[in-house]
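Engineer: predicted structure and sequence below. I'll ask about it afterward.
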Amino acid sequence: MGSKIEEITARLQDISAQKKHLDLRDVSAGWSGRKRLRRLPSTSLVIESRIYGRETEKAAILAMLLKDDPSDDEVCVIPIVGMGGIGKTTLAQLAFNDDKVKDHFNLRAWVCVSDDFDVLRVTKTILQSLSPHTRYANNLNLLQIELREKLYRKKFLLILDDVWNENFDEWDILCMPMRAGASGSKLIVTTRNKGVVSVTGTCSAYPLQELSYDDCLSLFTRQALGARNFDAYPHLKEVGEEIVRRCKGLPLAAKALGGMLRNQLNRRAWEDILKSKIWDLPEEKSHILPALKLSYHHLPSHLKRCFAYCSIFPKDYEFDKDELILLWMAEGFLQQLKGDNQPEKLGCEYFDDLFSRSFFQQSTQNSSQFLMHDLINDLAQSISGDICFNFDD
């Protein structure tokens, strides 16, 4: 009997360790019971001379903003979608501060929404942006009436940055005063989740892609060396270019790694960064893993374990949707507690959800194949720890 108790205790300890590795939480606690990842809120300010690439993307967003749509009751909502750290906020800042945009709209406001989609808070922040010196009560009815009067027959531009909310009713309540605005008013919503687009978007989503290698290189060298290239630092060129390739076009990674190497002219320090794994880098300096982990923390528990399992794939490995679903089935990840959903159908829903949240990308070589960005792969490995072993191991 004693050995049986010891065996059960060992199994419970192992389950507890796996729960900690996967950051699984009790569903009954809800979001309020989770440890939140705190980040500084974004602002509308941007130094355009420090932005590399994005000329084409900015032109496309400006064309949508400056186009006057036929009058109707709905405000035109333009969603900018992409994985964490790809530059959605930067693109919105570029559009918000463009001179043609300033001349085109009577009113402009910027709100960093983040994971706390509080209609009262967001409404109040919009009003404070439009009238900074006015104090407003914490009464949603009064705030919405005031906002409707501010926007009445005015052409406005509103940026809602970093939106996670997928509740249509809350979104509809938020937008109620905005319908009083003039024809041609626009909202830009930045989000990592295509599920948000289905709730907010009235225009086609704008999917933001990675930076080109050359633009990523310029961004990295600007951060690390204060220069556009390695001409003055030939001894760092080879290892620097390898670091940039590792960023795979993600501006956040190029800025973070470049910032860690700022004024470091010792080749050895650069090689250490190149060889290190992102989860070994100090979070207070790199910001890469915390930014990517935010997407993971927003996943429901059943998707967390499915994503963590994907750490078995090597970088740049292209996988088939049905193949991955079968692997999930074999691991017992697709157990339906109620209802009669077939495991294959459930797996398809799980896969599509992870794809819509930018954890998977469609292959550019074969549209039936998928892969993970290198840094998303790193994230999966950092989460899975010793629970899953990579095919490269």
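Structural biologist: It's in. In this text the structure is predicted, and so the values were computed from the model without any measurement. Residues are numbered from 1 along each chain as shown.
Engineer: quick one: list the elements packing against the helix or strand hosting Cys348.
Structural biologist: Here Cys348 sits within helix 343-356, counting by DSSP states H and E. Applying 3 or more Cβ pairs under 8 Å, 6 or more residues apart in numbering; DSSP states H and E, one finds that helix 343-356 contacts helix 194-200, helix 301-309, helix 321-330. Yep, even glycine has a C-beta here, placed from its N, CA and C like the rest.
Engineer: got those as JSON lines, with mean neighbour count, distance to Asn167 and mean pLDDT columns?
Structural biologist: Output for the helices and strands packed on helix 343-356, formatted as JSON lines (neighbours: other Cβ atoms under 10 Å; distance: least, Cβ to Cβ, whole Å; pLDDT from 0 to 100):
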{"stretch": "helix 194-200", "mean neighbour count": "19", "distance to Asn167": "7", "mean pLDDT": "89"}
{"stretch": "helix 301-309", "mean neighbour count": "20", "distance to Asn167": "18", "mean pLDDT": "93"}
{"stretch": "helix 321-330", "mean neighbour count": "16", "distance to Asn167": "28", "mean pLDDT": "93"}
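Engineer: can you list the domain ranges for this protein.
Structural biologist: Annotated domains of the chain cover 2-33+292-384, 48-207, 213-289 [automatic domain parsing].
Engineer: distance to Ser42 added to the ones you listed, as JSON lines?
Structural biologist: Conversion of the domains of the chain to JSON lines gives the following (distance: least, Cβ to Cβ, whole Å):
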{"stretch": "domain 2-33+292-384", "distance to Ser42": "13"}
{"stretch": "domain 48-207", "distance to Ser42": "5"}
{"stretch": "domain 213-289", "distance to Ser42": "13"}
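Engineer: by mean pLDDT, show me the worst of those domains.
Structural biologist: Among the domains of the chain, domain 2-33+292-384 carries the lowest mean pLDDT, a mean of 81.
Engineer: please state the offset of that domain from the chain centre?
Structural biologist: From the chain centre to the centre of domain 2-33+292-384 is a distance of 18 Å (Cα atoms, centre = their mean, to the nearest Å).
Engineer: quick revisit: run through who's touching the next helix or strand after the helix holding Cys348.
Structural biologist: Per DSSP H and E, the first helix or strand lying C-terminal to helix 343-356 is strand 361-362. Here strand 361-362 makes contact (Cβ atoms under 8 Å, 6 or more residues apart in numbering) with 355, 369-373.
Engineer: wait, which of the helices and strands packed on helix 343-356 is closest to Leu120?
Structural biologist: Nearest to Leu120, of all the helices and strands packed on helix 343-356, is helix 194-200, at 18.2 Å by Cβ to Cβ.
Engineer: before we move on, back to that, now the contacts of strand 361-362: which count as buried?
Structural biologist: 370-373 (16 or more other Cβ atoms under 10 Å).
Engineer: using JSON lines, please lay out the residues you listed together with secondary structure and distance to Gly240.
Structural biologist: Below are the buried ones among the contacts of strand 361-362 laid out as JSON lines (DSSP: H, G, I helix; E, B strand; the rest coil; distance: Cβ to Cβ, whole Å):
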{"residue": "Phe370", "secondary structure": "strand", "distance to Gly240": "31"}
{"residue": "Leu371", "secondary structure": "strand", "distance to Gly240": "25"}
{"residue": "Met372", "secondary structure": "coil", "distance to Gly240": "25"}
{"residue": "His373", "secondary structure": "coil", "distance to Gly240": "21"}
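Engineer: now do the SS call for Thr190.
Structural biologist: Of the three states, Thr190 takes strand under DSSP: H, G, I helix; E, B strand; the rest coil.
Engineer: and the spatially closest residue to Phe351 that is not a sequence neighbour, how far from Asp69?
Structural biologist: The shortest distance from Phe351 to any non-neighbouring residue, by Cβ to Cβ, 6 or more residues apart in numbering, is to Lys321 (5.6 Å). According to Cβ to Cβ, to the nearest Å, Lys321 stands 36 Å off from Asp69.
Engineer: do Asp353 as well
Structural biologist: Taking Cβ to Cβ, one finds Asp353 at 31 Å from Asp69.
Engineer: please identify which of those two sits among more neighbours.
Structural biologist: The residue with more neighbours, out of Asp353 and Asp69, is Asp353; 18 against 15, by other Cβ atoms under 10 Å.
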